[in-house]
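Asks: predicted coordinates and the sequence they were generated for:
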Amino acid sequence: MTKGSIVSSNDPNGPEIVETLKNVEQSGCQGNLSNLPDLNLYKDNVPDINIAEYVQNLPEFVRNKIAGFFGTGVIEQETVDIENIEHYLVVSRHCNHLKSVCESKLLSTLNTVNCQHYLAIAEQYGLGLLQTSAHQMYKNNLLNGTHPPLKSTDLTWTPQSQTKKNSCKSFNAIFTCDTTSVKRVLTTVVLDSTKHVKCYRNIKKGDKISKQFQCCCLQDAEDHPPYVYWSFGKCFFRYDPVLNKYKKLSTFRYSRSKFSLISHNQCCFAIGGTSDGKTVRQIEEYNVCQKSWKTVSKLPVECQMSYSACVLYDSQIYIFSAATYKDGCSQNRTVVCVFDPVKKNTDIVAEILLSFTQIKACVFDSQIYLASDDGDFIRFDPSNNCFVRCQNQIMKSKDFGMYTDDDSILLAGGCNSDGKCNNAIRKFCPVSGLWTRLSAKLPDCMAVYGTCNIKIPTTCSIIPFYETKLFEIPAK
């Protein structure tokens, strides 16, 4: 492929657009947006790159948009999607009009949640107007006590370049279960990176299956086969999603419901939960090599640990728990604990001045995001243990799935306040701080009791949990 071959081969205008782009690289694109004022842009901090090679490795729809910009000279703010703004900015070094439109797009979505992030982008790409506006908004927030003091490291923002080709395909497995029939069924829905349903099938039946289901994925490396571990009650299973085989493992020492299961460094950890109405404070560790459980730590007495959330960040497990009651009064706060899997100690590091009945969490770009069944959405910064309220979710539900993709956070399914389940997938963009409802949906309305991300080498044609004779979308 020659330098500048960046458009899909089945694009009928591909050769013309490619030739135009090559010419633009040499002369610069003036387009036909003469009514846009020239900006006094600051000098950027972006290194010189081979623009054709960079664009060639972008997603197809982004490649085609960029080729269209250079090929026609027509650049409209509506066509610049905020999720891929960093790619447009990299390319905009060869097109000042595109740079101006990108800055206008960022200014139109600037808010108190993303102003610190946008300030870093402005510094990186020399966007003078955005830098001034974002800095002023951040300063106002600081005076109002919304944000912690700005550190120099906060301004060092590096775009997630996609010039490095992925060696693995990413799948998100979503689990639900039907507990209405005599023979209870555990079901999985597997979505690929484009949110398309690749597999929808039952993986286990049994009387002891409950909706208090927990799961996690353990993978030595991206090119090694993954295992999914799941549990309910005291039962603990290992599932091979490639061979579609499961094996029952040793049981917990403590029976649990409404707990968290999380993996790290060849171990699975069972954290929190309740048993006979009482909080289970013991943290248990399952060693994959030793094939046994042991108690390794204990939660502080302040943790209620019913429907809590746990995430792994920087080799530490962050635990978000409702605070216990004091003197019979409800406490409108959430306790943040950190469990060190090496030192085996658990300490309270912060409190969030909100309470949740049910909460889910995920890590995105060095931040922890929390979603509650009340529609709240919180960003927690582990570097300073401070939190910021983001825009509320666009719909309230409980028992929803929460996971991430390359540029966003997704919530899927759940039960609404009227008790009916939904099949909606909602997307939060951390760059813009805004929610959208995707056209892609789950194959059925369902409560989601567990999610995990599974990576399969690109050299394999395997879909996790897929089995030809069982691959069937149930009739509605």
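Replies: Sure thing, it's come through.
Asks: only C-alpha atoms for contact and neighbour calcs from this point on.
Replies: OK.
Asks: just give me the longest helix of this structure.
Replies: Longest helix in the chain by number of residues (criterion: DSSP state H): helix 128-143.
Asks: CA atoms of it as CSV?
Replies: Output in CSV follows, covering the C-alpha atoms of helix 128-143 (Å, rounded to 0.1, in the frame of the first residue of the first chain):
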residue,chain,number,x,y,z
GLY,A,128,-5.6,29.3,22.6
LEU,A,129,-9.3,30.1,23.0
LEU,A,130,-10.0,26.7,24.6
GLN,A,131,-7.0,27.1,26.9
THR,A,132,-8.3,30.5,28.2
SER,A,133,-11.9,29.3,28.6
ALA,A,134,-11.0,26.0,30.3
HIS,A,135,-8.5,27.6,32.6
GLN,A,136,-11.1,30.2,33.7
MET,A,137,-13.7,27.5,34.3
TYR,A,138,-11.2,25.4,36.3
LYS,A,139,-10.2,28.5,38.3
ASN,A,140,-13.9,29.2,39.2
ASN,A,141,-14.4,25.6,40.2
LEU,A,142,-11.4,25.7,42.4
LEU,A,143,-12.7,28.8,44.1
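Asks: so how far is the helix or strand that comes right after that helix off the chain centroid?
Replies: Per DSSP states H and E, helix 128-143 leads on to strand 168-178 as the next helix or strand towards the C-terminus. Averaging C-alpha positions (Cα atoms, centre = their mean, to the nearest Å) puts strand 168-178 14 Å from its chain's average.
Asks: touching, residue 395 and residue 375? I think so.
Replies: Yes - using Cα atoms under 8 Å, residue 395 is in contact with residue 375, at 6.5 Å.
Asks: ok so, going back, in the longest helix of the chain, what counts as buried?
Replies: 128, 129, 130, 131, 133, 134, 135, 137, 138, 139, 141 (16 or more other Cα atoms under 10 Å).
Asks: do stretch 91-110 as well
Replies: 91-107, 110.
Asks: re the thing from before, same for the longest helix of the chain, what does it pack against?
Replies: If you count contacts as 3 or more Cα pairs under 8 Å, 6 or more residues apart in numbering; DSSP states H and E, helix 128-143 packs onto helix 96-108, helix 115-125.
Asks: mean pLDDT added to those helices, as TSV?
Replies: Shown next, in TSV, are these (pLDDT from 0 to 100):
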stretch	mean pLDDT
helix 96-108	86
helix 115-125	84
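Asks: and those as TSV, adding distance to residue 199?
Replies: Below are the helices and strands packed on helix 128-143 laid out as TSV (distance: least, Cα to Cα, whole Å):
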stretch	distance to residue 199
helix 96-108	37
helix 115-125	37
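Asks: residue 371 is nearest to which of those helices?
Replies: Residue 371 sits nearest to helix 115-125 of all these, at 20.4 Å, using Cα to Cα.
Asks: could you list the low-confidence segments of the stretch 301-450 of the chain?
Replies: 325-331 (pLDDT under 70).
Asks: over to the closest residue to residue 104 other than its chain neighbours: give its phi and psi.
Replies: Among residues not flanking residue 104 along the chain, residue 77 sits closest, at 7.4 Å (Cα to Cα, 6 or more residues apart in numbering). Residue 77 adopts backbone torsions of phi -60, psi -30, taken as degrees, to the nearest 10.
Asks: could you report the separation of residue 77 from residue 98?
Replies: 9 Å (Cα to Cα, to the nearest Å).
Asks: nice, that's everything, thank you.
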